[in-house]
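Novice: just need the structure, nothing else, for what follows:
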Amino acid sequence: MNYRIGVDVGGTFTDFLLIDGQGNSSVFKTSSTPKDPSIGVLNGLKEMADAVGLSIKEFAAKVDLIVHGTTVTTNAVLTGNGVKTGLITTEGFRDILEMRRGYREEIYNNKLTPPPPLVPRDRRLPVTERMNAAGQEVTPLDQASLKAAVEELKKQNVDAVAICFMHSYANQAHEQAAKQVVAEALPNVYLTVSSDLLPQARIYERVSTAALNCYIGPILKRYLTALQQNLKNIGFTGVLLIMQSNGGVATPESTAETAVMTLLSGPASGPTAGITFASVQGFDNCMTVDMGGTSFDAAVVQKGVPLLRSEGWINRQRLALPMLDIHTIGAGGGSIGWIDDGGLLRMGPQSAGADPGPACYGRGGKLPTCTDANLVLGYLDAKYFLGGRMKLDLEASKTAIETYIAKPLKLSLEEAAAGMFHMMNVNMAAGLREITVSRGIDPREYPLVVAGGAGPVHGAMIATELEIPIVLVPRESSIFCASGMLRSDFKHSYVRTYHSLAAAANTKLMAQYYGEMEKEGRAVLHREKVEDHKRVRVEYAADMRYLGQHNEITCDFDIIKFEEQGVDYLREVLHAEHDHLFGYSLKGTATEVEIVNLRVTVLGITEKPAMKFMTRSDEDASPYKKGTRKVYIPSARQFQDIPIYDGETLQFGNIGYGPCLIEQITTTTFVPPEYDFVVDRAGTFSLYLKEHAHTYLKRVFA
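Specialist: Numbers count the residues shown, from 1 in each chain. Predicted structure coming up:
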């Protein structure tokens, strides 16, 4: 029997989903090892080997596939621990990284200063050369200034070099010539050329993305090399794939060259898992939230497809490559409670992480966290955390909350813990509102799929804040992203600037560019052993805007219709997308459409694990009660004895009534009084507002 494994390295725990040859799945969690994340991965593999009764080498030999999400690059950017990077750029544009775009993140905060650039000024070296926007050479590449720049970077002993010249998206000749010189002079240096990574207009975005890639590239490369060697040492001969920010997977070799594509590696598979479980009940739209130890990630899926964005920020640094539209805030089980200068209670974004962790972990942590509050309020069982493998220290939690929250605010222990719980829920509801209400999406119309080890405790309370009637908690929610990784496809995204009014567009040239990007993507898939053309899917898009607008919209379209109807079809696509996003379009006016960028996404369809469905059981869930426990009920503002259900044994069709708890080995679901729950055919715990019971149960049992 062979196995497939999804691995998600988080800030506190490393999550694993093990699927055997018959489709049976098992959930595993080990503590993350921040100093070397691969140790946590190997610890999990050893735990899985023990669980199936094999030695680690016997087990590894039977593993066909490992899909791995990593936070290595994210942590390097967030902590400022990237490598020593140099930048070679066009003379006169040395300070682009500091000039940015004059963008003010907080409009009314005059004291907010830009973050330090990833490359300091003494390692940003100008070279005499210049192309214009049409790709015509204005100033030849000066070899003397180029060699002087290379010598200076060599003297400074840099680990990585980014090359970014003006208008290289239109003509990359100068960048490619410089690449050859740098590669010969600095053969062991990680090298990024902007026209290879991002052949797109807008110099700041290209420079920032190239610098980011260099800043983290060697770190990712070292990690992947070590991980592959460690896996080889235990006898793994299967396929290793790495999760990318765009929601797809790629080989370690492809990923190492485009390290920036892993900056959302961990949460990127969450929306894929979310729609998989929501679709069991016939939903093709959903919202997903994943609350782990350090962060809270929220995303939206529409018509079965996670929303994408073409650019974003990571720790206030600009990144201009396609990524899933995931909103992340510092809210997790390890989020620390504190009191600000105004005497108000705050939660996070600081986190106790995995080491030392919450006070109740008994690893030296003294500060009160969200997990400590949940334990004091009764949502967690100190003796059953991780199925009893990890005992929690209730007294340590009480002491931490009493010392740092209750006494300073002159509250009782329970009031302080309840305040911490409420603040976490409000913060996370605001994060979810950011990607729904602020973008014209009514969250009440979408089911909320809740995941993460801490998520199900808070999921229904977040839903209450936003009046969401349906909350889905997959049985695999605690390792949600690991589950989504095994359901992700190979995915490579390409962009080419083509700036023209639609009326003046050269459709033959556009078709040529699309063909070149498609060919490049198919070649990468071929190197990744995706050779069956039936497994390849190509998606086409264009960034467009109305003439006079500053920001463009990425519009997907049908390439066949474009070939038949030309730019008239693209105009209609923009009108429809603009109306969908903003409630109006300029169709029927004299305003012209402007094309900015052309995009191609090439997918290699992977084999997905089959969903295993349960057979229908009785509606009465009472046989699966484990007992009762005193738990804090927010709406009543008091503790009540409520039933606890064994989430490992509940069956399809079981119905329970809130308030109650559903306990699993790796997480606990809190069902408040406003909700009841039913188990669907996939084993998902489906919470619904009591007044929606009649119509919703029809859907579940359809």
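
Novice: which stretch of helix or strand covers Asn597?
Specialist: Element membership for Asn597 (DSSP states H and E) is strand 593-604.

Novice: chain center to that strand, what's the gap?
Specialist: Taking C-alpha atoms, centre = their mean, to the nearest Å, one finds strand 593-604 lying 22 Å from the centre of the chain it belongs to.

Novice: buried ones in it?
Specialist: Using 16 or more other C-beta atoms under 10 Å as the test for burial, strand 593-604 gives 593-604. Any C-beta I mention is one placed from the backbone N, CA and C, and that applies to glycine too.

Novice: again with stretch 313-326
Specialist: By neighbour count with 16+ other C-beta under 10 Å, stretch 313-326 contains the buried residues 314, 317-326.

Novice: just the CA trace of that stretch, in CSV.
Specialist: Taking Å, rounded to 0.1, in the frame of the first residue of the first chain, the C-alpha atoms of stretch 313-326 are listed here in CSV:
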residue,chain,number,x,y,z
TRP,A,313,2.5,43.5,-0.2
ILE,A,314,4.6,41.3,2.1
ASN,A,315,5.9,43.1,5.2
ARG,A,316,5.4,46.4,3.3
GLN,A,317,7.5,45.2,0.4
ARG,A,318,5.9,45.2,-3.1
LEU,A,319,5.4,41.9,-4.9
ALA,A,320,4.0,41.9,-8.4
LEU,A,321,3.4,38.3,-9.3
PRO,A,322,0.0,36.4,-9.4
MET,A,323,-1.0,35.2,-6.0
LEU,A,324,-4.2,34.0,-4.3
ASP,A,325,-6.1,36.9,-2.8
ILE,A,326,-5.5,35.9,0.9
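
Novice: got the contact list for Arg123?
Specialist: With contact set as C-beta atoms under 8 Å, 6 or more residues apart in numbering, Arg123 has these partners: 84-87, 153, 156, 158.

Novice: what average pLDDT does the host helix or strand of Glu465 get?
Specialist: Secondary structure from DSSP H and E places Glu465 in helix 455-466. Averaging pLDDT along helix 455-466 yields 95.

Novice: Ile66 and Ile242 touch, don't they?
Specialist: No. Ile66 is beyond contact range of Ile242, at 9.7 Å (criterion: C-beta atoms under 8 Å).

Novice: just to revisit the earlier point, helix or strand next in line after the helix holding Glu465, which one?
Specialist: Taking DSSP H and E, what comes next after helix 455-466 is strand 470-473.

Novice: can you give the distance of the following helix or strand past that next one from its chain's centre?
Specialist: Sequence-wise, the next helix or strand downstream of strand 470-473 (DSSP H and E) is helix 480-485. In this view, helix 480-485 has its centroid 11 Å away from the chain centroid, taken as C-alpha atoms, centre = their mean.

Novice: what residues does helix 480-485 touch?
Specialist: Under C-beta under 8 Å, 6+ apart, the answer for helix 480-485 is 6-8, 15-17, 25, 67-69, 243, 249, 266-274, 276, 288, 290, 451-452, 455, 474, 476.

Novice: how far away is Arg535 from Asp196?
Specialist: Going from Arg535 to Asp196 by C-beta to C-beta, to the nearest Å gives 26 Å.

Novice: these two - which one has more neighbours?
Specialist: A direct count of neighbours by other C-beta atoms under 10 Å for Arg535 and Asp196 places Asp196 higher, at 18 against 15.
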